[in-house]
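> quick one: sequence and predicted model below, then my questions.
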Amino acid sequence: MRKVNPGLWTAVVLVLGLIAWEMAAAAGHVDPFFFSRPSLIWAEFLEMLDNGTLALHLSVTAKEAGLGLLLGSVLGTLTGLALGVHPRLSRAVMPLMTGLNGLPKLALGPLLIIWFGIGLKSKVVMSALMVFFIFAFNLFSGVRSVERELITAVELLGGTRRQVMTKVIWPASLPWLLTSLRTGLGLSISGAIVGEYLGAGKGMGWVLAAASQRYDVGRVLCCVAVIVCIVVLLDGVVRLLEHRLLRWR
């Protein structure tokens, strides 16, 4: 008997859950004012799509999250690699980074707005902060997981420090990088939305904040559903990329 694709099970559970939700709301067991219902959320989605509201605010958040992911991933990767290949430096810096990572990023939001304003910069920095530590810690772990005997063997064969990095350490760290990317996608979007929620004039976070103030549960859930779908699709792209890049394993 052929195994059923896990994605099919996910779709079945989701559809059944939506049907049960709609039926419960129609029967009066669920108050649409507090929980809305799938048909109302779908109507809200079509309305936002038709009047251009969704495209406008989604493009703003995507730009902020994309730049934040780029900035945070590059700085985090370089930091993780540097700490991984320099044990003395890592012993001095890692406790500080661990403490900084424990700070609630939401608490830094007002400071970022004071420093960078309510425009693009503060949202990009917030998004980058959400991503940076994931890449730094994972890449550090990836470098430290490389067998020392393998590095020694390459050095004994005349390999330079650059060759050790490009031929041994970097390929071994690639799975850790892709894992960080999968996690960082959602975190970068979360960082941008948090920044918009604290202070902005447009973006999905601003839409969520405005809808919450009006008790517009349908619009809130519609925006949440759109964000979840986008993250799932992006995760699927990274999974495909991971499968192609790590065939050598």
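Nice, thanks for sending it over. Residues are numbered from 1 along each chain as shown.
> can you give me the neighbour number for Leu18?
Neighbours of Leu18 under the rule other Cβ atoms under 10 Å: 15. Bear in mind the C-beta positions are built from the backbone N, C-alpha and C, glycine included.
> swap in Ala225?
Look at Ala225: counted by other Cβ under 10 Å, it has 15 neighbours.
> buried residues, the helix or strand containing it. List them.
For Ala225, the host element (DSSP states H and E) is helix 217-245. Residues 217-223, 226-227, 230-231, 234, 238, 242 are the ones in helix 217-245 that count as buried (16 or more other Cβ atoms under 10 Å).
> I'd like to know which elements that helix is packed against.
helix 32-35, helix 38-50, helix 53-85, helix 170-198, helix 204-213 (3 or more Cβ pairs under 8 Å, 6 or more residues apart in numbering; DSSP states H and E).
> ok now that helix, how far from the chain's centre?
Averaging C-alpha positions (Cα atoms, centre = their mean, to the nearest Å) puts helix 217-245 10 Å from its chain's average.
> that one to helix 204-213, inter-axis angle?
Helix 217-245 runs at 150 degrees relative to helix 204-213, counting by axes from the mean of the first three to the mean of the last three Cα atoms, to 10 degrees.
> mind checking the pLDDT average for helix 217-245?
On average, the pLDDT along helix 217-245 is 86.
> if we can go back for a sec, let's have the helices and strands packed on helix 217-245 in JSON lines, adding mean pLDDT and distance to Gly102.
Converted to JSON lines, these look like this (pLDDT from 0 to 100; distance: least, Cβ to Cβ, whole Å):
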{"stretch": "helix 32-35", "mean pLDDT": "83", "distance to Gly102": "35"}
{"stretch": "helix 38-50", "mean pLDDT": "89", "distance to Gly102": "36"}
{"stretch": "helix 53-85", "mean pLDDT": "90", "distance to Gly102": "16"}
{"stretch": "helix 170-198", "mean pLDDT": "85", "distance to Gly102": "15"}
{"stretch": "helix 204-213", "mean pLDDT": "87", "distance to Gly102": "24"}
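> return the most buried member of those.
Counting by mean count of other Cβ atoms under 10 Å, helix 170-198 has the highest mean neighbour count of the helices and strands packed on helix 217-245, with a mean of 22.
> skipping its backbone neighbours, what lies nearest the residue nearest in space to the middle of the chain in space?
Closest to where the C-alpha atoms of the chain average out (Cα atoms, centre = their mean) is Gly186, at 2.0 Å. Leaving aside its sequence neighbours, Gly186 sits nearest to Val231 (Cβ to Cβ, 6 or more residues apart in numbering; 4.9 Å).
> show me the contacts for that neighbour.
Neighbour list for Val231: 185-186, 189 [criterion: Cβ atoms under 8 Å, 6 or more residues apart in numbering].
> residue contacts, the closest residue to Leu139 other than its chain neighbours?
Excluding the flanking residues, the one nearest Leu139 by Cβ to Cβ, 6+ apart is Gly80, at 2.6 Å. Counting by Cβ under 8 Å, 6+ apart, Gly80 makes contact with 135-143.
> and if you look at Ala55?
Per Cβ under 8 Å, 6+ apart, neighbours of Ala55: Leu49.
> kindly recompute the last result at 10 Å.
Residues in contact with Ala55 (Cβ atoms under 10 Å, 6 or more residues apart in numbering) are 48-49.
> many thanks, I have nothing further to ask.
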